[in-house]
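K.L.:
coordinates for the following, if possible.
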Amino acid sequence: MKTATPGSATWCATVSATPACTRRPALAWIVGLAVAPLLAGAQARAALPRIGILSFDGAPSSTNPGPADQGFALGLRELGYVEGQNIVVEQRYADGRPERLAELAAELVQLKVAVILAGGPAPREAARKATSTIPIVTISGTDPVKEGWARSLARPGGNVTGLTVSFDELNAKRLELLKQAFPGVVRVALLLDPVEIGDAKAFVQAMEASARPLGLQIQVLEVRGAGDVDAAFSLARQHRAQALYVVTTNTTVTHRARIAALATGDRLLSISSFPQMAQAGFLMTYGADIEDLARRAITLMDKILKGARPGDLPIEQPAKFQLIVNLKTAKALGITIPQSLLLRADEVIE
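P.N.:
Have a look, this model is predicted:
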């Protein structure tokens with residue numbers, strides 16, 4: 001009598017009359033080998049620190065490179081973080097739709113991210129409303145204490161820290177650049193969203209105080225959404241504005257290409273702060289280097305992942321600034337940019 005050996009046809013026949021018996025053990029073993037690495041990979045990924053990026057803008061592309069996204073990527077590389085190996089990055093973009101931010105912030109909270117990187121005032125506030133425990137590193141604002149998201153710059157308290165993107169002296173500097181480059185300019189239209197600025201009255205007063213010594217007159221144009229843009233330009237025409245100073249907020253950044261085109265069509269010298277505005281067709285921009293701010297935000301994130309409390313990390317201010325000049329817009333306006341300004345520019349768009 002033959003000895004029944006486990007795994008053999010004879011052994012299988014003695015324990016079951018089911019023909020598939022000879023195949024199931026082998027099949028289960030093969031499937032186990034295939035699934036085990038997947039499960040191990042999923043478990044390893046779940047164990048990695050997970051961070052969230054919340055942005056008002058759209059996802060970066062070839063036409064919209066996204067300096068903040070570039071800065072985040074650079075900061076991660078510099079500190080040795082590699083997506084999927086020692087960190088997981090969850091990116092959420094609102095595509096210029098403020099109503100989406102609350103939902104996207106809630107998604108990041110549900111994913112239990114270790115830190116939320118919030119780019120801009122609206123994402124910052126959406127994240128603050130979504131959680132009071134998950135650390136938030138923001139790149140936004142001018143005066144965190146007045147804006148209500150910090151007790152002080154040195155010790156912000158709570159779960160939010162980060163970097164500001166501007167301060168009052170920068171607004172005055174832009175007016176100076178405009179006047180130095182174009183001495184004949186007198187009437188400047190100031191385009192802003194008063195809801196997003198916070199204390200809009202104080203902001204306008206500060207702008208007027210900076211404009212007076214330069215011989216500039218400020219005309220305020222308020223826009224709270226896309227529907228206000230045409231009316232604002234109509235008012236600028238009535239007051240015979242010569243230049244357009246655009247305060248960067250969600251509204252103006254989202255509609256930057258349209259605002260730039262209208263300004264060029266009305267032969268207005270346009271100036272703002274963020275690089276995206278110059279890339280969209282503004283004549284000049286001067287402001288904080290957003291890529292550098294994003295890179296530094298990753299350093300704050302790294303400290304939090306290593307145990308620091310956000311409320312103990314000082315809020316930082318911009319340290320690097322960029323002057324960008326758009327020669328294509330200058331050509332469309334039929335003007336010549338002074339050589340002195342071009343020599344000072346960090347980037348010239350041709």
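
K.L.:
quick check: buried residues in stretch 74-81?
P.N.:
75, 76, 81 (16 or more other Cβ atoms under 10 Å). Heads up, the C-betas are built off the backbone N, CA and C, glycines and all.

K.L.:
who's in contact with the last one?
P.N.:
Same thing as residue 81. 87, 298, 302 (Cβ atoms under 8 Å, 6 or more residues apart in numbering).

K.L.:
equivalent analysis for the second one, please.
P.N.:
Applying Cβ under 8 Å, 6+ apart, one finds that residue 76 lies in contact with 82, 83, 87, 89, 298.

K.L.:
6 Å - rerun?
P.N.:
By Cβ atoms under 6 Å, 6 or more residues apart in numbering, the contact set of residue 76 is residue 298.

K.L.:
domain ranges for this protein?
P.N.:
Recorded structural domains for the chain (assignment: automatic domain parsing) are 48-166+290-312, 168-288+321-349.

K.L.:
turn those domains into CSV, including mean pLDDT.
P.N.:
Putting those into CSV (pLDDT from 0 to 100) gives the following:
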stretch, mean pLDDT
domain 48-166+290-312, 94
domain 168-288+321-349, 94
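
K.L.:
and the closest residue to residue 269 other than its chain neighbours, what are its bridge partners?
P.N.:
Among residues not flanking residue 269 along the chain, residue 243 sits closest, at 4.1 Å (Cβ to Cβ, 6 or more residues apart in numbering). When bridges are called by DSSP bridges, residue 243 pairs up with residue 188, residue 269.

K.L.:
neighbours around residue 243, how many?
P.N.:
Residue 243: 23 surrounding residues under other Cβ atoms under 10 Å.

K.L.:
contact partners for it?
P.N.:
By Cβ under 6 Å, 6+ apart, the neighbours of residue 243 are 178, 185, 188, 268, 269.

K.L.:
what residue is smack in the middle of the chain?
P.N.:
residue 119 (3.6 Å; Cα atoms, centre = their mean).

K.L.:
so that residue versus residue 93, what's the distance?
P.N.:
For residue 119, the distance to residue 93 equals 10 Å [Cβ to Cβ, to the nearest Å].

K.L.:
then residue 138?
P.N.:
16 Å.

K.L.:
neighbour-wise, which of those two wins?
P.N.:
residue 138 (30 against 20).

K.L.:
helix, strand or coil for that one?
P.N.:
For residue 138, the secondary-structure state derived from DSSP: H, G, I helix; E, B strand; the rest coil is strand.

K.L.:
who's in contact with it?
P.N.:
118, 124, 162.

K.L.:
equivalent analysis for residue 165, please.
P.N.:
residue 288.

K.L.:
one more pass at 7 Å, please.
P.N.:
Listed by Cβ atoms under 7 Å, 6 or more residues apart in numbering, the contact set of residue 165 reads 139, 140, 141, 288, 293, 318.

K.L.:
okay, now the closest residue to the fourth one other than its chain neighbours: neighbour count?
P.N.:
Using Cβ to Cβ, 6+ apart and skipping residues adjacent in sequence, the residue nearest residue 288 is residue 318, 3.5 Å away. Burial of residue 318 is recorded as 19 neighbouring residues (other Cβ under 10 Å).

K.L.:
kindly report the same for residue 319.
P.N.:
Neighbours of residue 319 (other Cβ under 10 Å): 11.

K.L.:
did I read that right, it in a helix?
P.N.:
No. Read with three-state DSSP, residue 319 is coil and lies in no helix.

K.L.:
can you pull the pLDDT of it?
P.N.:
You'll see residue 319 listed with a pLDDT of 91.

K.L.:
for the residue lying closest to it once chain neighbours are set aside, helix, strand, or coil?
P.N.:
Of all residues not flanking residue 319 in the chain, residue 292 sits nearest, at 7.1 Å (Cβ to Cβ, 6+ apart). Here residue 292 is helix, with the state taken from three-state DSSP.
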